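Novice: Sequence isn't available, so here's the structure alone:
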């Protein structure tokens, strides 16, 4: 990985860290995502882009589900199929400006 791409990925992770914390998604789940999914997630929760298909949203959601829930069988193809597209969009809602305040002065 080139240094500039590595720096870009660090910037993406820094911007998405608070969202992951709010959604109680372990950092390791995010780290395990392929770079393309990390960029998609960033676009959803930071740039508010909803040009993803329903299948892409579902796949991204399934990859982000905390391991404990996945191991407990709470999430799987059947459970994800029960989610509506609106529920998925709500899950991927960006943070409000007030939710971002604690992080503003760190960088």
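Specialist: All right, it came through fine. Computed from a predicted model, the values in this text were never measured in an experiment. Numbers count the residues shown, from 1 in each chain.

Novice: Return the list of helices and strands in contact with the longest helix along the chain.
Specialist: Ranked by number of residues, the top helix in the chain under DSSP state H is helix 3-22. Helix 3-22 is packed against helix 27-31, helix 35-45, helix 97-104, with contacts defined by 3 or more Cβ pairs under 8 Å, 6 or more residues apart in numbering; DSSP states H and E. C-beta here means a position set from N, CA and C on the backbone, and glycine is covered the same way.

Novice: Now do the shortest one: which elements does it pack against?
Specialist: This points to helix 27-31. Counting by 3+ Cβ pairs under 8 Å, 6+ apart, helix 27-31 packs on helix 3-22, helix 54-64.

Novice: quick one on the thing from earlier: residue 91: which of the helices and strands packed on helix 3-22 is closest?
Specialist: helix 35-45 (9.4 Å; Cβ to Cβ).

Novice: Could you tell me the angle between that closest one and helix 54-64?
Specialist: If you take axes from the mean of the first three to the mean of the last three Cα atoms, to 10 degrees, helix 35-45 sits at 110 degrees to helix 54-64.
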